[in-house]
Every structure is written in C-alpha cells, then in structure tokens.
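Enquirer: Sharing a model prediction with you, sequence too.
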Amino acid sequence: MSHYQATVLWQRPPDVAFTDGRYSRVHLWRFDGGVEVPASASPHVVPLPFSAAEPVDPEEAYVAALASCHMLTFLSIAARRRFVVDRYGDTAEGVMEKNGDGRLAVTRVVLNPRVAYVGPAPDRTVEEAMHHAAHEQCFLANSVRTMIETRLG
C-alpha cells in the first residue's frame, strides 16, 4: 500500500470580510520534495478578480493527472514490448458539465497522445492496444469514482 500527501494552503487577508464571497481563491499546493504550485479556482467557475487565470486550477490538474498517469503507464508498456519511445505529447481536454445526478462534474477527458519512436514502431492496431492496456492499468483511471473522506482536525 502507498500513501500520498499534498498540502493546500490559503490565507484570508485581514482586510477581507470573506462572508460576502468577495475573497481571492488563489492558494498554494505543496508537494513532497518541496515543489510548490500556485493554484486558484478556475475563472470559468469563479470570476476574476476572485480567481486568477495564471495558476493551475483543480480541473486542469485533474485532467493533467489523468493524462500523466496514462502516459507513464503507456511508456512502461512500450518499454516492456521493446519499442523505444523518443517523444510523447498529449494535449488532453476535459469537459465539465452536469452529470446524470444533475451535479457539475468533469464528465469526460479526451486524451490526444502523439508518440514518436526510434527504430521499429508498432503498427496502428498494436499502438491502439497499448493505449487500451495503459488505460486499463492506469491507477488514476481506475480511481475516477474515488470515495472522498473528510477528517476534521
């Protein structure tokens, strides 16, 4: 079993009332190893200036995490099958809309991987099978319906 941790930090400026909803959603994500990522609510969800366009928002991070997991799993499969991947790129897209329960959700993520090989490359059928296997084996793709537990400190 493995455990993962991320620290999310937000601080209300002393001159902000908060209860009127007119507060900044800009915050910080801190990961092990000391990496810090500026984050904010998406301007698609919370209008500017109470969000910021430059930081990463949770929806983008969710899409990127799914795409990254798929890529890492695909690279492992390719290496085991003796295909040398020279470059892997993906411009993944997520769609947020109401789900079957009428709640807003990221209902669909479309991966658009482009893989370049050195030496022999798999034909399209084999590469499609490798992507299918990557999807089946990706930890995050297998977790999309994850139960969220809240523990109050």
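Expert: Done, it's in.
Enquirer: Look through the protein and tell me its longest helix.
Expert: Taking DSSP state H as the criterion, the chain has its longest helix at helix 58-80.
Enquirer: and that helix, what's its mean pLDDT?
Expert: The average of the pLDDT scores along helix 58-80 is 97.
Enquirer: what about that helix, distance to the chain center?
Expert: Here the centre of mass of C-alpha atoms in helix 58-80, compared against the chain's by C-alpha atoms, centre = their mean, to the nearest Å, lies 9 Å away.
Enquirer: Same check on stretch 78-92?
Expert: Centre to centre, stretch against its chain (C-alpha atoms, centre = their mean), the figure for stretch 78-92 is 19 Å.
Enquirer: Okay, buried residues for it please.
Expert: The neighbour-count check on stretch 78-92 (16 or more other C-beta atoms under 10 Å) flags 78, 83, 85, 88, 90, 92 as buried. For the C-beta atoms, the positions are set from N, CA and C on the backbone; glycine is no exception.
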